[in-house]
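J.: What shape does this take:
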Amino acid sequence: MNTATTNDPLIKLDSIKKVFLTDEVETHALAGVHFQIGRGEYVSISGPSGCGKSTLLAILGLLDTPSDGAYRLNGREVADIGASERAQIRNKEIGFVFQAFNLIGDLTVFENVELPLTYREGVSKAERRERTIGALERVGMAHRVKHFPAQLSGGQQQRVAVARALVGKPAILLADEPTGNLDSKNGEAVMQLLDELHKQGSTICMVTHDPRYADFAQRKIFMFDGRVVDEETMHRLRHEEDQRLMRPRASA
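T.: Down below sits the predicted model:
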């Protein structure tokens, strides 16, 4: 049973840890992450490569599970949710936008955006069409419904990917480096689109390595070595790491 109220955070993380085991070596991708995201917020997560940003986003999107800690989504303990229901929640409550667009090449723009709705019971063909066209109109791509991804620019493909994420009316939009495969002009256009969606009420959590794009968010979360740190600490740690890498190695 969902006991969440509108005053509760949509997402609440408490001491989330993630350990990967490869060849008997432990890699601590997340080392005790705490934060929450309220309904209607626009949050960015930034930090250097390998700091755990994408791992954290995968856990938020129920694509991965933490090794330890508690995650509450919409008032529910995620650990108590079975695999089949998690799949339903991903389809209904979470919209994903990926760096590589992840559009299906042999489906049209319309079919790509409609696809998540085809996995839902009780959604008629007429309703699927209405919601698909509505999502494409929101991102300015309704005039390209019959085109295929290969006929679109990178910026247009990402707009279609955003429409696909929006079509199910998710509780939160998770964007993993949404400008990573775009030039600066198209990257800026996608960021303006996300900003407009937030103003219309969407809750957004975006991972980015680019501080210019992190500034679009209402609130910024900084990560370093699997932990959430404040901005001043992150800059200090990055400087110390750069200095360490620049030091000449002592001869054996």
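J.: use CA for all of it now, contacts and neighbours both
T.: Noted.
J.: Which positions in stretch 164-179 come out as buried?
T.: 164-179 (16 or more other Cα atoms under 10 Å).
J.: In helices, which of those residues fall?
T.: Per DSSP state H, helices hold the following members of these: 164-166.
J.: And those, which is closest to Gln88?
T.: Using Cα to Cα, Ala165 comes nearest to Gln88 of these, at 14.4 Å.
J.: Any idea how many residues pack against the closest residue to Ala214 other than its chain neighbours?
T.: Nearest residue to Ala214, sequence neighbours excluded (Cα to Cα, 6 or more residues apart in numbering): Ser44, at 5.5 Å. By the other Cα atoms under 10 Å criterion, the neighbourhood of Ser44 contains 24 residues.
J.: And the lowest mean pLDDT element among the helices and strands of this structure?
T.: helix 231-246 (a mean of 70; mean pLDDT, DSSP states H and E).
J.: re the thing from before, secondary structure class for the residue nearest to Ala214?
T.: When classified by DSSP: H, G, I helix; E, B strand; the rest coil, Ser44 comes out as strand.
J.: what does Arg86 give?
T.: Following three-state DSSP, Arg86 is assigned to helix.
J.: Please apply the same query to the one 10 residues further on.
T.: At Phe96, secondary structure determined by three-state DSSP is strand.
J.: List the residue ranges of this structure that fall below the pLDDT cut-off.
T.: 1-6, 231-232, 234-235, 237-239, 249-252 (pLDDT under 70).
J.: list the contacts for the residue nearest to Asp106 when sequence neighbours are not counted?
T.: Once flanking residues are discounted, Asp106 sits nearest to Phe148: 6.9 Å by Cα to Cα, 6+ apart. For Phe148, the contacting residues are 105-109, by Cα atoms under 8 Å, 6 or more residues apart in numbering.
J.: how near is Phe148 to Ile16?
T.: From Phe148 over to Ile16 the distance is 40 Å, taken as Cα to Cα, to the nearest Å.
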